[in-house]
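Visitor: model this:
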Amino acid sequence: GALTDGLFLELVANQEKIEPGQLVITSGLDGLPSALVIGKVKTAQADRGGLFQKIEIEPEFKKLTVDKVFVIK
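Guide: All right, here's what the predicted structure looks like:
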């Protein structure tokens, strides 16, 4: 993601079929618990001649006003 540009998903191969509205969740492979809802796909654009797509995510939570978050598994 980026502080002012939104939330993006990187390194998704152009061959993967990604549609707007698809749910984005954590896999559990990166240290975070699995199945945490991140948001929904807003846009997906294949990079012509490139390997990866640029995927913009509409976050599930627009704004968090708390300074601490606990994840209970």
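Visitor: quick one, longest strand in this protein?
Guide: Assignment by DSSP state E gives strand 37-46 as the longest strand of the chain.
Visitor: Just the buried positions in that one, please.
Guide: Neighbour-count burial for strand 37-46 flags 38-39, 41-42, 44, 46 (criterion: 16 or more other Cβ atoms under 10 Å). For glycine as for every other residue, the C-beta is placed from the backbone atoms N, C-alpha and C.
Visitor: repeat for stretch 49-66
Guide: Quick answer for stretch 49-66 (16+ other Cβ under 10 Å): 53, 55-59.
Visitor: Number of residues surrounding residue 21?
Guide: Residue 21 has 8 neighbouring residues, counting by other Cβ atoms under 10 Å.
Visitor: sec struct for it, please.
Guide: With DSSP: H, G, I helix; E, B strand; the rest coil as the basis, residue 21 sits in coil.
Visitor: Numbering from 17 from now on, please.
Guide: Right, with 17 as the first residue, what we last looked at is residue 37.
Visitor: residue contacts, it?
Guide: 56-57 (Cβ atoms under 8 Å, 6 or more residues apart in numbering).
Visitor: Can you tell me how far it is from residue 24?
Guide: Here the criterion is Cβ to Cβ, to the nearest Å. By it, residue 37 lies 17 Å from residue 24.
Visitor: Now do the worst-scoring helix or strand of the chain on mean pLDDT: which elements does it pack against?
Guide: None of the helices or strands of the chain scores lower by mean pLDDT, DSSP states H and E than strand 23-29, at a mean of 89. The contact analysis (3 or more Cβ pairs under 8 Å, 6 or more residues apart in numbering; DSSP states H and E) places strand 23-29 against strand 53-62, strand 68-75.
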